[in-house]
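K.L.:
structure for the following, please:
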Amino acid sequence: MDVVQLSRLQFGLTAMYHFLFVPLTLGLAVLLGIMESVYVMTGREIWRQMTKFWGVLFGINFAMGVATGITMEFQFGMNWAYYSHYVGDVFGAPLAIEGLMAFFLEATFIGLFFFGWDRLSRVAHLAVTWLVALGSNLSALWILIANGWMQHPVGARFNPDTMRMEVTDFSQVIFNPVAQAKFVHTVSAGYVTGAVFVLAISALYLLLGRHPELAKRSMTVAASFGLAAALSVVVLGDESGYTAGENQKMKIAAIESMWNTEPAPASFTLFGLPNQETHRTDYEVKVPWMLGLIATRSISTEVPGINDLVAHAQTRIRSGLIAYRALEKLRADRSNADARAALEAHADDLGYALLLKKGRPDILNATDADVETAAWSTVPQVSPLFWSFRLMVGLGFFFILLFAVGFYLASTRRLVSARAFLWVALLSLPLPWIAAELGWFVAEVGRQPWVIEGVLPTFLAVSSLSAGNVLTTLIGFIVFYSTLLVVDVYLMVKAIRLGPTVTEAGRPEPTIMAPLRAQAE
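P.N.:
Down below sits the predicted model:
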């Protein structure tokens, strides 16, 4: 594997590992706020006990998320130096705001959450809990604004004088439709993850006959909140599909394994066997009109197929070559007005011309065959995207069914006796993480070969490192993260096995937090 592949593998592994903790943090933070709100309104001690118990698990997960997330930002400078140089003015701003606005807010109030129970009033502590949840969501917002810009770069322009992308309208970066759709969809998926986690652990307690009062109430909250969240994921996923259909047409075509443009409205392929070598999909089972409605929200707009998009990419590559030639002239003579005008006219396609650099350094002498090869490189791996998307969607509908049944059983007070449902809920524990990782995979692999869609090819964004150096750090990350995973699982299992306990004063105290509390006092 070369340095590009190893760098992609390293960042992909660390990102997907970090994303094991992010959705649970988002979901549990809001569930803690709901549980403590009930405690403040009713004064019933069981709800305080629930908040503190699930808060312990939230704290363990939060700590692991911080530990695994910090290293990702350093990778931009370590493995992706040219990326950081080329788009750092745009990409760095949301990351900086995330640290200043969200991370410090979250990190500050999480300490008050754990050690402020006897130092703050009920209402003040409730405000702290909701501020922790707000910080978690704001953190996700700014991260996804940065990622959304990579998917749909708006509000920025290439400056030939600095040879970098620079911000022209920061409001467009913030309110990027792709970023906003990704945010609400990702956050809703996090809420589902938190709800399934609470549902599954509570089901375990009921199956074991332990902590039934806490488990029943926790399941009721998780089923109610989870049902709303699961329905939101489907609705907001449709919005995300629509924005992708507007701005990332190749990703949609690859997800659908749609090689040829169909008459409007396009059909959705429920099942098929994509074949990237023959450019066709075998044994298709289609749902009429469905893709057209999702991707265009109309019955008269076509969804372009891969072949037509490749032909369009060839046109953009040739346009980009005009921009590249003008840029070379401008670098030799900054006062060349004609070259500056030509660059300005074709600047949006400059990134497509850079695709040619993978095959030859002298891209101004590219042949028609070189252009065709570069155009076909804009097609991502179809089969993994096709099946990942369908499995993710299938899990999404399963969660709706799971929460709906749980809500019905909780409403009719039959949770304890429904042992079949309890087993299903328990065995469903890993499924939201699988769905979340599949969604992240579809989003990131679907935009290849771009690190910035239409602007910067991935193979140009890496640092000038040897493959051996990247491989060494990759192995180091695997060892370090595997150790963290063992620690995380151990602490989680220990906290769940101990469960909530009661102090001598009659107030609930999660046992695993007792040493930390004693030290603080």
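K.L.:
residues making contact with stretch 25-42?
P.N.:
Around stretch 25-42, the neighbours that count as contacts under CB atoms under 8 Å, 6 or more residues apart in numbering are 44-45, 47-48, 50-51, 54-55, 57-58, 61-62, 65, 113, 122-123, 125-126, 129-130, 132-133, 136-137, 140, 187, 190-195, 197-198, 218, 221-222, 225, 229. For glycine as for every other residue, the C-beta is placed from the backbone atoms N, C-alpha and C.
K.L.:
list the buried ones in the helix or strand harbouring Glu344?
P.N.:
Using DSSP states H and E, Glu344 sits within helix 337-346. Buried residues in helix 337-346, counted by 16 or more other CB atoms under 10 Å: 339-340, 342-343, 346.
K.L.:
stretch 12-26 now?
P.N.:
Under the neighbour-count criterion of 16+ other CB under 10 Å, stretch 12-26 has 14-15, 17-26 buried.
K.L.:
ok, back up a step: show me just the buried residues among the contacts of stretch 25-42.
P.N.:
47-48, 50-51, 54-55, 57-58, 61-62, 65, 113, 125-126, 129-130, 132-133, 136-137, 140, 187, 190-195, 197-198, 218, 221-222, 225, 229.
K.L.:
about what we covered before: what would the buried residues of helix 337-346 look like in CSV with distance to Lys251?
P.N.:
Shown next, in CSV, are those (distance: CB to CB, whole Å):
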residue, distance to Lys251
Ala339, 34
Arg340, 33
Ala342, 30
Leu343, 28
His346, 24
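K.L.:
nearest to Met165 among these?
P.N.:
Of all the buried residues of helix 337-346, Leu343 has the smallest distance to Met165: 14.0 Å, by CB to CB.
K.L.:
roughly how far apart are that closest one and Thr315?
P.N.:
Counting by CB to CB, to the nearest Å, the separation of Leu343 from Thr315 is 18 Å.
K.L.:
swap in Gly194?
P.N.:
On the measure of CB to CB, Gly194 and Thr315 end up 46 Å apart.
K.L.:
please apply the same query to Trp387.
P.N.:
Taking CB to CB, one finds Trp387 at 31 Å from Thr315.
K.L.:
just want to know which of these two has more residues nearby.
P.N.:
Trp387 (16 against 13; other CB atoms under 10 Å).
K.L.:
among the buried residues of helix 337-346, which one lies nearest to Ile299?
P.N.:
For the buried residues of helix 337-346, the nearest to Ile299 is His346 (34.9 Å; CB to CB).
K.L.:
wait, the closest one sits on Gly320?
P.N.:
Yes - with contact defined as CB atoms under 8 Å, His346 reaches Gly320; the gap is 6.6 Å.
K.L.:
for Ile46, which non-adjacent residue is spatially closest?
P.N.:
Glu213 (5.7 Å; CB to CB, 6 or more residues apart in numbering).
K.L.:
buried ones in the helix or strand where that neighbour lies, by neighbour count?
P.N.:
Using DSSP H and E, Glu213 falls within helix 212-247. By 16+ other CB under 10 Å, the buried positions in helix 212-247 come out as 214-227, 229-233, 236-237, 239-245, 247.
K.L.:
with only the CA atoms kept, save the helix holding Glu344 in CSV.
P.N.:
Output in CSV follows, covering the C-alpha atoms of helix 337-346 (Å, rounded to 0.1, in the frame of the first residue of the first chain):
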residue,chain,number,x,y,z
ALA,A,337,-5.1,40.1,-17.2
ASP,A,338,-6.2,37.6,-19.9
ALA,A,339,-4.9,34.7,-17.9
ARG,A,340,-6.6,36.0,-14.7
ALA,A,341,-9.9,36.3,-16.6
ALA,A,342,-9.6,32.8,-18.1
LEU,A,343,-8.8,31.4,-14.7
GLU,A,344,-11.8,33.2,-13.1
ALA,A,345,-14.1,31.8,-15.8
HIS,A,346,-13.0,28.2,-15.4
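K.L.:
give me the number of residues near the closest residue in space to Val455 that isn't next to it in sequence?
P.N.:
Spatial nearest neighbour of Val455, excluding adjacent residues (CB to CB, 6+ apart): Gly351 at 4.3 Å. By the other CB under 10 Å criterion, the neighbourhood of Gly351 contains 22 residues.
K.L.:
what's the domain layout of this structure?
P.N.:
Per automatic domain parsing, the structural domains of the chain span 3-248+380-507, 257-379.
K.L.:
any regions of this protein where pLDDT drops low?
P.N.:
The model of the chain has pLDDT under 70 over residues 501-521.
K.L.:
now the residue nearest in space to the middle of it. Nearest residue, chain neighbours left out?
P.N.:
Per CA atoms, centre = their mean, the C-alpha nearest to the average position across the chain is that of Trp440, at 4.8 Å. Nearest non-adjacent residue to Trp440, counting by CB to CB, 6+ apart: Phe19, 5.6 Å away.
K.L.:
which residues does the one you found contact?
P.N.:
436-437, 440 are the contacts of Phe19 under CB under 8 Å, 6+ apart.
K.L.:
likewise for Met150?
P.N.:
91, 447, 451-453.
K.L.:
can we see that at 7 Å?
P.N.:
451-453 (CB atoms under 7 Å, 6 or more residues apart in numbering).
K.L.:
next one: phi and psi at it?
P.N.:
phi -60, psi -30 (degrees, to the nearest 10).
K.L.:
separation between it and Ala443?
P.N.:
For Met150, the distance to Ala443 equals 10 Å [CB to CB].
K.L.:
again with Gln381
P.N.:
Counting by CB to CB - Gln381 and Ala443 are separated by 14 Å.
K.L.:
all the helices of the stretch 351-500 of the chain, residue numbers only.
P.N.:
Here the stretch 351-500 of the chain has its helices, by DSSP state H, counting those that start in this stretch, at 368-376, 382-411, 419-427, 431-445, 467-498.
K.L.:
those: which one's closest to Val287?
P.N.:
Of the helices of the stretch 351-500 of the chain, nearest to Val287 by CB to CB is helix 382-411, at 12.1 Å.
K.L.:
please compute how far that closest one lies from its chain's middle.
P.N.:
17 Å (CA atoms, centre = their mean, to the nearest Å).
K.L.:
quick check: angle from that helix to helix 431-445?
P.N.:
150 degrees (axes from the mean of the first three to the mean of the last three CA atoms, to 10 degrees).
K.L.:
tilt between helix 382-411 and helix 419-427?
P.N.:
140 degrees.
K.L.:
so which bits of helix 382-411 are buried?
P.N.:
Those would be 382, 384-390, 392-393, 395-396, 399-400, 402-403, 405-407, 409-410, for helix 382-411 by 16+ other CB under 10 Å.
K.L.:
related to what we said a few turns ago, most tightly packed of the domains of the chain?
P.N.:
domain 3-248+380-507 (a mean of 19; mean count of other CB atoms under 10 Å).
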